[in-house]
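Q: Task: produce atomic coordinates for the following.
(one chain, ligands or ions: 1)
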Amino acid sequence: MPTAVAPANIAFIKYWGMRDTHATLPFNGSLSMNLDTCLTTTSVTLDEQLTTDEVILAMYQQPATVATGRPRERVVAHLDRLRALAGSPCRVRVQSANTFPADAGIASSAAGFAALTLAAAAAFGLPLDTPALSRLARLSGSGSAARSIPTGYVEWYNGDDSTSLAASIAAPEHWDLADVVAVVDTRPKQVGSAENHRLAATSPYFNTRLAELEPRLPATRAAILARDFEQLALHTEADAIAMHVVCMTQTPPSFYWNPATLAVMAAVRAWRAAGLPACYTMDAGANVHVICEGTYRAEVERRLQALPEVQFTIANRVGAGARLLPDTP
Ligand code: PMV
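A: The predicted structure is shown next:
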């Protein structure tokens, strides 16, 4: 019974907008780091007695339940893809648990589909090399899952079906960054990223953001490689705002920020102006990811926890990519 662990990841340059909904191809390349404490653990057991796949999900602080509806359909569609590749008719039992709130802008689907891809590929005897797994994870429909396969700092390339996959650009040890997630809302978001990826190109600012990314993506990669926090902070905040502007100006518009999100953003800006090097970014959710170097992590946690808008924080260092647990074949 292969069991895989995969991390959530936080993007410095976001994937926003889907060019090909069938193959989950992005309009732009993206850059992220894996998180070391926001994890999903998934086991996949082949069972010839089963007539349909059984999917059991234990979400954050909730008992394990049999998945139904859309969450189950997405898992089964991905299993069908892997079964077809392996030429296997066998149904499976999937057991999955995550350590952090789902559907709240902390990349639970990236961690979930990366772990499912690795565990199912191992169960079906498919090749387990990182490029192949990253491409397969992309096909799950949660494209950012491609970035949860390789280790550390990761780039997902904007290519065609065979070349659009993610690769590590630096190991976790390259730079001790932290992502302290300021949780201001644990409820699942109203509109999923899949739907907004399809609507993104209706925003009049969509092409403006893509044009900005031409210099911004290489500059952000260079900032990571040079461990230049000031440049990383500049580009990370700018792209987070650009992504959300696109989202708020699409047809129909969609809003992930709430007043608590804006309060945390304002606090981080004020701290930085007063000398604490930290910056913010938000995914498809209200929660704020505060990025800083490891030496400032405890101070950032302390200050975030003191804000009335923050329910709790989840501190992460840079993590490894998806891996099989050692006691599994
Ligand atoms: O991979 P998806 O469909 O869950 O979309 C991810 C979108 C963002 O988290 C907002 C950006 C990103 O690159 O992670």
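Q: how about the residues of the chain that lie near the ligand?
A: Taking Cβ under 6 Å from any ligand atom as the criterion, the chain approaches the ligand at residues 11, 14-16, 30, 107, 109-110, 142-144, 193-194, 197, 283-284. C-betas here are computed from N, CA, C, even on glycine.
Q: Just the ones of the residues you listed in strands?
A: The strands, defined by DSSP state E, take in 11, 30 from the residues of the chain next to the ligand.
Q: ok, and the most crowded of the residues of the chain next to the ligand?
A: Ranked by the number of neighbours (other Cβ atoms under 10 Å), those place residue 110 first, at 33 neighbours.
Q: my read: it touches residue 144, true?
A: Yes. Using Cβ atoms under 8 Å, residue 110 is in contact with residue 144, at 4.3 Å.
Q: joint contacts of those two?
A: residue 9 (Cβ atoms under 8 Å, 6 or more residues apart in numbering).
Q: if we can go back for a sec, take the residues of the chain next to the ligand and keep only those in helices.
A: Those of these mapping onto helices are 109-110, 193-194, 197, per DSSP state H.
Q: so which of those residues comes closest to the ligand?
A: Lowest distance from the ligand to these (Cβ to the nearest ligand atom) belongs to residue 193, with 3.8 Å.
Q: Of all pairs in the ones in helices among the residues of the chain next to the ligand, which one is the farthest apart?
A: 110 and 197 (13.2 Å; Cβ to Cβ).
Q: Which one of the residues in the stretch 201-329 of the chain is closest to the ligand?
A: Nearest residue of the stretch 201-329 of the chain to the ligand: residue 283, at 3.5 Å (Cβ to the nearest ligand atom).
Q: so who does the nearest residue to that residue once chain neighbours are set aside touch?
A: Excluding the flanking residues, the one nearest residue 283 by Cβ to Cβ, 6 or more residues apart in numbering is residue 105, at 4.2 Å. Counting by Cβ under 8 Å, 6+ apart, residue 105 touches 189, 256, 282-287.
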